[in-house]
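Asker: My questions concern the predicted model and sequence given below.
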Amino acid sequence: MTTTTLAALVPVLPFLGAAAGLLLGRTAPGLVRPLAVLPVLASLVLTALVAARQGGGRAIDASTLLTPTGSVPVDLALHIDGFAALVAVLVAFVASCVQIYSTGYLREDPRYPSYAALVSLFTSAMLLVVYSGDLIVLLVGWEVMGICSYFLVGHYWETPEARAASLKAFLVTKLGDVPFLIGLFALGTDAGSFRITRVLATVANGGLDHPTLIALLLLAGVAGKSAQFPLHTWLPDAMAGPTPVSALIHAATMVAAGVYFIARLLPVFEASAAAMVVLAAMAAVTMVGSGLSALAQDDIKRVLAYSTIGQLGYMTGALAVGDRGAAVFHLLAHGAFKALLFLAAGVVIHAAGTNSLAAMSRMSHLRDRVPDAFWTMTVALLALAAIPPFSGFFSKESVLGAAEHTATGHDGPIPGAAGWIVLVAGLVAALLTAAYATRLWLLAFRGRGAEAPAHVREPLTMTVVLWVLAVPSLAFGALAYRTLPGWFDGRGLAPTLFTSVLGTGLAVVGGLLTYGVWQRTSARAARVPLGAVAAHPEGDAGHVEAEAIAAHEAAYGDIARAPDPADPARVLLGPLFRPAASGFHLDAVYSALFVRPVLAGASLVGFLDREVVDTYVRGAAALPRLLGAAVRRAQTGNVQTYVSALLAGTVVLTVAVLLVASGA
């Protein structure tokens, strides 16, 4: 079988599995789990075969005309280079882990058949994005992922949080997709083709007429899909969906699509220095802002959501300094340890006695209750904090090294300012990442919350997946930084001495500082009974305010226990705690700038329609209605009256004619 045929089957198999799962979910429930797992596993095998055959060498290209358009044609095309081959393996690998894990996690869920089918469709759409050689076909996968995320985030549609989160995710990403679509059309018009190879050839020949405008339009779509500032607000709320969905979205599919798109079309963005500076600024704000917000969150999944936003900021930062190899390297490493973090969080959530959310401040001594989650999550958090020799260290240092090279040894089309912006923000984010990773570990596994209900050990399908993902989280980086340059652009990915020492030093400082503050607050909290903290939340030992308690009770009413008074976040952030906990009130800003004006405009239009337009309509109908009433009165049904009226009319007409004749 040819490589092209194998590659074509990669997105088709999960699609067929999704269709079969939807059709047979009710009539043959015993087939649901095999149809969920086996097609995705088959795609994983095929992606590995395609990657082995491609081998980081010449790109595999194949195409056939999909439809004549009369102007710019649309082709059903494949373009598989080293980037596409490896990202496809990541997507299929994480999707397989999620499907296997879900068979245990959602084993009692009555809507599991539709859930599994949507996950398979989601996977198929992302694989289409990765392998597609035509921008319009890529757009199809891009939009299918959007609608799948809407349904999956809203899986628990009985809860208002899930309904609101799914709608918000859909609308915010669509807000970015509108300029993205315009940018794709402009790019295809300038290049005379939507084929990626021809677009890149046009860029190389200087054929783009409006590079800055096109790049900025495309960046809007990327910001929405990959949750970058200022369109990132949907991602933390999307945690209302099932935890395996969070792992899929955050690790290898939807949010990775925007980063992958820029990496694939990086020369288009490099054609505009202004666009690269904008990309660098967007990455910098995203990294630092999300790090501060993650440090202030109490729900474990929201911490991980803001963490994803920040790590995506590292990837876009690498792209902003022109190193797509470093960006995709971090994308691959992050996919493994972030999937592990979310799936381990799912085990922790069950152990904490909740359904889909878990307040870390209310967890207590979970280390012994969920040892598999404890050890694997520890590995993943060390990778997230970029502690050597875990995989996150090598991939994150490749990003910082690329930023340092651009900032200090500028010798290309990328402005040096972009390098400095990414480098400084990346170092600050390294400190914050280690701080919130340490805080998560301490509160989840060494917290002082009350004991959870009795916990049943997780199914083997869940724990095995955790250990499978722990392997690349630990070992991938050290092996990959030597071999990946041959698959990418040939640029080195080895850590540099300066950024390695500085970045790791800041990470260690962040972790130790958080641990020291936690020990201090724990010592003071130990002198105060938990009941007293709950009764007097504004006491010195707790550093927890009454409204925070009320918010916890509203969000986590099924956990009847007091918050952990030893949370170090308030001490570390000080006056920034409140703004950071609310995402720096960005939703409130959007509400004031967009939602309220739109609602006010809608109210005004409704008033004008009701009081002005309808008045004219009612007035236009009033005259015919009056005439009809007058005519109706003449219709008495008496024949004598009709004859009398006829004679009277005849007399009147005769007299009128005589008068006219005499006057003439």
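Answerer: Everything's here; your move.

Asker: quick one, phi/psi of the closest residue to residue 396 other than its chain neighbours?
Answerer: Leaving aside its sequence neighbours, residue 396 sits nearest to residue 386 (C-beta to C-beta, 6 or more residues apart in numbering; 4.3 Å). Quick note: C-beta positions are derived from backbone N, CA and C, even for glycine. Taking degrees, to the nearest 10, you get phi 60, psi 40 for the backbone angles of residue 386.

Asker: if I look at residue 386, how far off is residue 397?
Answerer: 7 Å (C-beta to C-beta, to the nearest Å).

Asker: Mutual contacts of the two, please.
Answerer: Counting by C-beta atoms under 8 Å, 6 or more residues apart in numbering, the common neighbours of residue 386 and residue 397 are residue 503.

Asker: The residue nearest to residue 396 against residue 430, yeah?
Answerer: Yes: the pair residue 386 / residue 430 is scored as a contact, 6.2 Å apart, by C-beta atoms under 8 Å.

Asker: Give me the common contacts of those two.
Answerer: Joint contacts of residue 386 and residue 430 (C-beta under 8 Å, 6+ apart) are 396, 503, 507.

Asker: Please identify the buried residues of the host helix or strand of the first one?
Answerer: Assigned by DSSP states H and E, residue 396 belongs to helix 391-408. By neighbour count with 16 or more other C-beta atoms under 10 Å, helix 391-408 contains the buried residues 391-407.

Asker: and the very next helix or strand once past it, what other elements does it pack with?
Answerer: Heading C-terminal from helix 391-408, the first helix or strand you meet, by DSSP H and E, is helix 416-446. Secondary-structure packing of helix 416-446 (3 or more C-beta pairs under 8 Å, 6 or more residues apart in numbering; DSSP states H and E): helix 273-296, helix 300-320, helix 371-384, helix 391-408, helix 497-526.

Asker: roughly how far apart are the spatially closest residue to residue 510 that is not a sequence neighbour and residue 642?
Answerer: Computed as C-beta to C-beta, 6+ apart, the closest residue to residue 510 that is not its neighbour in sequence is residue 434, at 3.5 Å. Relative to residue 642, residue 434 is positioned 100 Å away (C-beta to C-beta).

Asker: more neighbours, those two?
Answerer: Neighbours per residue (other C-beta atoms under 10 Å) separate residue 434 from residue 642, with residue 434 holding more: 28 against 13.

Asker: quick one: the helix holding residue 396 to helix 273-296, angle?
Answerer: If you take axes from the mean of the first three to the mean of the last three C-alpha atoms, to 10 degrees, helix 391-408 sits at 140 degrees to helix 273-296.

Asker: What mean pLDDT does helix 391-408 get?
Answerer: Model confidence over helix 391-408 averages 94 on the pLDDT scale.

Asker: again with stretch 273-291
Answerer: Taken as a whole, stretch 273-291 carries a mean pLDDT of 96.

Asker: helices or strands up against the helix holding residue 396?
Answerer: For helix 391-408, the elements it packs on are helix 300-320, helix 324-351, helix 371-384, helix 416-446, helix 460-487, helix 497-526, judged by 3+ C-beta pairs under 8 Å, 6+ apart.

Asker: Against which helices or strands is the last one packed?
Answerer: Under the contact criterion of 3+ C-beta pairs under 8 Å, 6+ apart, the helices and strands touching helix 497-526 comprise helix 391-408, helix 416-446, helix 569-573.

Asker: buried ones in the helix or strand following the last one?
Answerer: Read that as helix 569-573. On the C-terminal side of helix 569-573, the closest following helix or strand by DSSP H and E is helix 577-581. Within helix 577-581, the residues scored as buried using 16+ other C-beta under 10 Å are 577, 580, 581.

Asker: Just give me the neighbour total for the closest residue to residue 370 other than its chain neighbours.
Answerer: Nearest residue to residue 370, sequence neighbours excluded (C-beta to C-beta, 6+ apart): residue 351, at 4.7 Å. For residue 351, the neighbour count with other C-beta under 10 Å is 22.

Asker: Give me the distance between residue 351 and residue 16.
Answerer: Applying C-beta to C-beta to residue 351 and residue 16 gives a distance of 37 Å.

Asker: next one: residue 425
Answerer: Using C-beta to C-beta, one obtains 44 Å as the distance from residue 425 to residue 16.

Asker: Okay then, goodbye and thanks.
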